[in-house]
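Participant: Got a predicted structure here, sequence first:
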Amino acid sequence: MIFRAIAGFRLVASDPARLAAFYRAIGFDVGEAAPIPAAEMELLGLPGAGSRIAMSLGQSCVDLERFDLPGDPYPDDAASCDLVFQHLALVTDDAEAAWRRACEAGATPISRGRPVTLPQSAGRVAAVKFRDPEGHPLEFLQFPPGDNPDWKGSGVIGIDHSAISVSDVAASRRFYAQHGLSEADATVNHGPTQDALDGLDRAEVDVVPMIPADRPPHVEMLGYRHPIGRALRPLSPNDIAATRIVWRSDSNGLIRDPDGHLHQLTRSIASRY
């Protein structure tokens, strides 16, 4: 099974309509609710029916899903280093303005205070992490002018990557390489700005980008050397924390990475998935 490109992301919500209002407020275009196809419910192993609201941010796609059989809420004590952590990094040309809008719309901070600018060794990006009203982690990411040609425009522009906390960087490297991704330049991030960004003390984290042939978005592995994150219990696809990356692939399927994060594969050539 080859991960050719990220087609989109799927977030589970207890109240998709209310959550969609939050995403509309921070810059997403929001569509109408539609049923989840029966074949996909079978793939997920869930009884009953489900519905999803399609959203877009530039060329990036995100669906909000609700199921007849509800899952567990997002753990309210989860930290950035815990293996349940998986965020979507939203590119903006003004992290301060985007952050203010998110706070007004009901975001909960992960970072300590306002956006921070990371040092040269971490790319000089301005960033801030937060949660949507149901607990899903997000990040605003502002690149220095001219540093990333993939992103042009104003406001909140698109999704650069999904960052996933991993317990064993080497094992996760092998997993993603076996599925067709290539590794970009890795860094070890630490220091006061990293602490402020992650809302942690003495954070030290390996950041390893894994790039599909057709990008963006890409996957970013976060291997925390300190503090050591708590293990990820097996998530059911209907749990609020069970974010799925949807990949264009050579087959259909649902697989987990070495830490249990969900990946949905599709051969669909439809305009969205």
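Facilitator: Yep, that arrived. Numbers count the residues shown, from 1 in each chain.
Participant: Going by C-alpha atoms from here, please, whenever you check contacts or count neighbours.
Facilitator: Will do.
Participant: that's a strand at A170, yeah?
Facilitator: No. Counting by DSSP: H, G, I helix; E, B strand; the rest coil, A170 falls outside a strand, being helix.
Participant: What segments of the stretch 51-200 of the chain are strands?
Facilitator: 60-67, 86-92, 108-109, 116-117, 126-131, 137-142, 156-165, 182-183, 187-190 (DSSP state E, counting those that start in this stretch).
Participant: Reformat those strands as JSON lines; add distance to D257.
Facilitator: Compiled in JSON lines, those are given as follows (distance: least, Cα to Cα, whole Å):
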{"stretch": "strand 60-67", "distance to D257": "20"}
{"stretch": "strand 86-92", "distance to D257": "12"}
{"stretch": "strand 108-109", "distance to D257": "27"}
{"stretch": "strand 116-117", "distance to D257": "30"}
{"stretch": "strand 126-131", "distance to D257": "23"}
{"stretch": "strand 137-142", "distance to D257": "19"}
{"stretch": "strand 156-165", "distance to D257": "10"}
{"stretch": "strand 182-183", "distance to D257": "16"}
{"stretch": "strand 187-190", "distance to D257": "21"}
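Participant: possible to save those strands as CSV with mean neighbour count and distance to Y176?
Facilitator: Shown next, in CSV, are the strands of the stretch 51-200 of the chain (neighbours: other Cα atoms under 10 Å; distance: least, Cα to Cα, whole Å):
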stretch, mean neighbour count, distance to Y176
strand 60-67, 23, 21
strand 86-92, 24, 16
strand 108-109, 19, 30
strand 116-117, 21, 29
strand 126-131, 24, 25
strand 137-142, 24, 22
strand 156-165, 23, 12
strand 182-183, 14, 8
strand 187-190, 17, 18
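Participant: For I2, find the nearest of those strands.
Facilitator: I2 lies closest to strand 182-183 among these, at 11.9 Å (Cα to Cα).
Participant: what pLDDT, on average, does the closest one get?
Facilitator: Strand 182-183 shows a mean pLDDT of 96.
Participant: Next, the residues that contact it from outside, please.
Facilitator: Contact partners of strand 182-183, identified using Cα atoms under 8 Å, 6 or more residues apart in numbering, comprise 173, 176-177, 208-213.
Participant: and if you look at stretch 211-222?
Facilitator: For stretch 211-222, contacts defined as Cα under 8 Å, 6+ apart pick out 3-6, 60, 150, 159-166, 169, 172, 180-184, 205-210.
Participant: how about a cut-off of 7 Å?
Facilitator: Residues outside stretch 211-222 that contact it (Cα atoms under 7 Å, 6 or more residues apart in numbering) are 3-6, 159-166, 180-184, 205-210.
Participant: Show me how far that stretch is from its chain's centre.
Facilitator: When C-alpha coordinates are averaged (Cα atoms, centre = their mean, to the nearest Å), stretch 211-222 and its chain have centres 11 Å apart.
Participant: Just the C-alphas of that stretch, formatted as PDB.
Facilitator: Written as PDB, here are the backbone C-alpha positions of stretch 211-222 (Å, rounded to 0.1, in the frame of the first residue of the first chain):
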ATOM      1  CA  ILE A 211       7.100  13.800   2.300                       C
ATOM      2  CA  PRO A 212       4.800  12.100  -0.200                       C
ATOM      3  CA  ALA A 213       5.600  12.300  -3.900                       C
ATOM      4  CA  ASP A 214       2.700  14.800  -4.400                       C
ATOM      5  CA  ARG A 215       2.900  17.600  -1.700                       C
ATOM      6  CA  PRO A 216       1.700  19.500   0.200                       C
ATOM      7  CA  PRO A 217       0.500  18.500   2.800                       C
ATOM      8  CA  HIS A 218       3.000  16.100   4.400                       C
ATOM      9  CA  VAL A 219       3.400  14.200   7.700                       C
ATOM     10  CA  GLU A 220       5.600  15.400  10.500                       C
ATOM     11  CA  MET A 221       6.800  13.000  13.200                       C
ATOM     12  CA  LEU A 222       7.300  14.400  16.700                       C
END
